[in-house]
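J.: using only what follows, build the 3D model:
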Amino acid sequence: MWPQSYAKRVAADLETWISNGWVSTDNSKAILTSLNKEDAPSKLPVVITVLGAVLIGFSAMAFVAANWAEMSKGLRLGLLAITMWSAYGAAAFLHLRNHAAFSDAALLIGVALFGANIMLIGQMYHLPSDFSAGLLAWSLGGLVTAWAVQSRAALAATQLLIMGWAMSVIFEGDLHLSHLLLWAPAALLAYRLDWTPAKHLALIGLFVWLLGNAPTVAENIGWNPPELLTFLTALFVVLWAGGTVAEDKGQPFARALQGYAAFIVIVMFWLSHLLEEGISPNGAYLIPLIAAGLTPIATFLLARKSRTIGLHDVIAWSLFPAGIFATGVIANLGTTEQLMIIAPLFLGLCVWLVTFGTRRHNRFLINLGFAAFGCEALYLYLETFGTLLDTAAFFAIGGILLIAGGFVWERLRRRATTIQAEATS
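T.: Below is the predicted model:
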């Protein structure tokens with residue numbers, strides 16, 4: 001949550017707290033004064049320092065690589081060890097001097113040099129080339145460093161390395177289950193440090209791993225794209241609903257879970273426009289069909305735990321996996337009319353998403369709904385009118401419609417966000 005919006009929400013809540021006698025008028029003024037302080041330390045020096053550490057790490061790698069052939073093995077090993085441990089030693093010294101930002105920067109350099117050492121030593125002794133194994137060793141080293149010194153910078157770098165390791169294995173076509181062995185302790189440290197960027201990286205890493213493995217799992221089971229999209233959409237719809245209920249109960253980071261899940265659901269549903277294969281005839285569709293059928297039950301049970309979720313929200317959530325599965329069924333009939341069904345449904349769900357975000361004072365969901373609606377309108381225009389008009393008329397009419405549509409849509413978006421801002425204030 002941005003500081004300005006947080007201050008507005010606290011200011012609005014303070015009126016209720018004062019009227020209920022929970023906070024005195026003098027204390028409310030002190031709270032508002034603390035929120036409006038402009039003398040908070042700037043984070044720009046920290047950002048610049050970390051970026052400088054990244055550049056130093058790359059420069060060290062480049063220098064060693066450029067002079068690698070001219071060095072003896074002893075000199076190479078000594079240089080690699082000295083540079084890496086010098087970085088860690090500098091981090092310890094800076095930590096003792098209470099320079100936390102510079103200490104994190106030095107640790108980041110140390111983690112980068114550890115990875116460089118793995119690659120260069122492997123090259124020196126002609127070890128078998130295994131990019132995934134190198135990333136795994138690098139990730140393990142970064143994870144040990146992050147846990148040992150509770151470093152945020154080392155943790156963020158390690159989380160990115162773990163994601164890179166996962167994608168390198170997935171791109172080879174292998175099912176990557178061991179990812180969780182590294183992801184779990186990194187995510188635990190993110191929550192232990194209570195650092196929002198690391199929490200986001202943990203959630204992104206989990207979703208990247210899940211979505212990356214999905215095609216391999218679908219191939220092993222025998223699912224066609226409609227079954228895979230249906231199952232994944234049902235899963236993320238339930239996560240979306242769960243995050244909504246968790247936010248109502250005041251759980252931390254629940255809004256972020258909603259945002260990621262909603263974005264993935266919208267993308268999955270739009271991908272159903274491109275489906276050319278239908279539901280597989282071998283009976284493998286039963287699991288996705290059951291998942292789509294259980295979605296309204298699961299979301300309804302979750303909605304009962306919240307007073308802000310209505311029956312129409314449950315229906316809208318349920319239409320996401322059901323619509324994808326229906327598209328796959330229609331594709332099996334040998335017709336090309338899927339767009340006639342999926343496009344109006346998608347536009348209607350985008351309108352619901354805008355209203356849902358407005359009711360929940362969630363600016364991200366509002367903007368996501370508007371953006372998805374605009375992209376769908378543009379896609380429909382390109383799919384339909386592009387084949388009916390000559391090139392000049394196509395671009396002329398398209399430009400006019402885009403300008404007019406963008407103007408109207410922006411006014412609607414601003415009105416929705418204004419209503420949301422007024423509601424919070």
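J.: where in the stretch 51-200 of the chain is pLDDT low?
T.: 51-77, 79-80, 101, 120-130 (pLDDT under 70).
J.: please redo it, this time with the cut-off set to 90
T.: 51-139, 141-142, 144-146, 148-154, 156-157, 164-180, 193-197 (pLDDT under 90).
J.: in it, which spans are strands?
T.: For the stretch 51-200 of the chain, applying DSSP state E, counting those that start in this stretch gives no strands.
J.: what about the residue nearest to W165 when sequence neighbours are not counted, how many neighbours?
T.: Leaving aside its chain neighbours, W165 sits nearest to L135 (3.9 Å; criterion: C-beta to C-beta, 6 or more residues apart in numbering). (C-beta placed from N, C-alpha, C; glycine too.) A count of nearby residues for L135, using other C-beta atoms under 10 Å, gives 21.
J.: what's the spacing between P321 and R359?
T.: 23 Å (C-beta to C-beta, to the nearest Å).
J.: neighbour count winner among those two?
T.: P321 (30 against 16).
J.: my guess is that one contacts A234, does it?
T.: Yes: with contact defined as C-beta atoms under 8 Å, P321 reaches A234; the gap is 4.1 Å.
J.: what do these two both touch?
T.: In terms of C-beta atoms under 8 Å, 6 or more residues apart in numbering, P321 and A234 are both contacted by the residues P288, A291, A292, T295.
J.: return a PyMOL selection command for the buried portion of those residues.
T.: Per 16 or more other C-beta atoms under 10 Å, the buried members of the shared contacts of P321 and A234 correspond to this PyMOL selection:
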select buried, resi 288+291+292+295
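J.: closest to N332 out of the shared contacts of P321 and A234?
T.: Set against N332, the nearest of the shared contacts of P321 and A234 by C-beta to C-beta is P288 (13.9 Å).
J.: now do the contacts for the residue nearest to F253 when sequence neighbours are not counted.
T.: Take F253 and drop its neighbours on the chain: the residue closest to it by C-beta to C-beta, 6+ apart is K199, 5.7 Å away. By C-beta under 8 Å, 6+ apart, the residues touching K199 are A190, Y191, F253, A256.
J.: roughly how far does K199 sit from I118?
T.: The value you get for K199 to I118, if C-beta to C-beta is used, is 28 Å.
J.: same question, A190
T.: From A190 to I118 the distance is 24 Å (C-beta to C-beta).
J.: who's more crowded, these two?
T.: A190 (24 against 19).
J.: surely the more buried one and L201 touch.
T.: Yes: A190 lies in contact with L201 (C-beta under 8 Å); the separation is 7.1 Å.
J.: residues shared between the contacts of the two?
T.: Contacts common to A190 and L201, judged by C-beta under 8 Å, 6+ apart, are Q159.
J.: could you export the shared contacts of P321 and A234 as JSON lines, including pLDDT?
T.: Formatted as JSON lines, those follow (pLDDT from 0 to 100):
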{"residue": "P288", "pLDDT": "90"}
{"residue": "A291", "pLDDT": "93"}
{"residue": "A292", "pLDDT": "92"}
{"residue": "T295", "pLDDT": "95"}
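J.: just the ones of the shared contacts of P321 and A234 in helices?
T.: Secondary structure from DSSP state H places P288, A291, A292, T295 of the shared contacts of P321 and A234 in helices.
J.: which one of the residues you listed is nearest to G141?
T.: Of all these, A291 has the smallest distance to G141: 39.5 Å, by C-beta to C-beta.
J.: ok, that closest one touching A234?
T.: Yes: with contacts counted by C-beta under 8 Å, A291 reaches A234, the gap being 4.0 Å.
J.: overlap in contacts, the two.
T.: P321.
J.: what strand or helix carries G283?
T.: Of the helices and strands defined by DSSP states H and E, none includes G283.
J.: tally of neighbours for it?
T.: The burial count for G283: 8, using other C-beta under 10 Å.
J.: cool, and L333?
T.: 10.
J.: same question for D13.
T.: The local packing count at D13 equals 15, with neighbours defined by other C-beta under 10 Å.
J.: I330 now?
T.: For I330, using other C-beta under 10 Å, the count is 20.
J.: ok, it touching L345?
T.: No: I330 lies out of contact with L345 (C-beta under 8 Å); the separation is 12.0 Å.
J.: just the helices in the stretch 1-150 of the chain please.
T.: Counting by DSSP state H, counting those that start in this stretch, one finds helices in the stretch 1-150 of the chain at the ranges 3-19, 25-35, 44-66, 73-96, 100-124, 131-149.
J.: how far does the fourth one sit from the chain's center?
T.: Spelled out, it's helix 73-96. Centroid separation between helix 73-96 and its chain, computed with C-alpha atoms, centre = their mean, to the nearest Å, is 35 Å.
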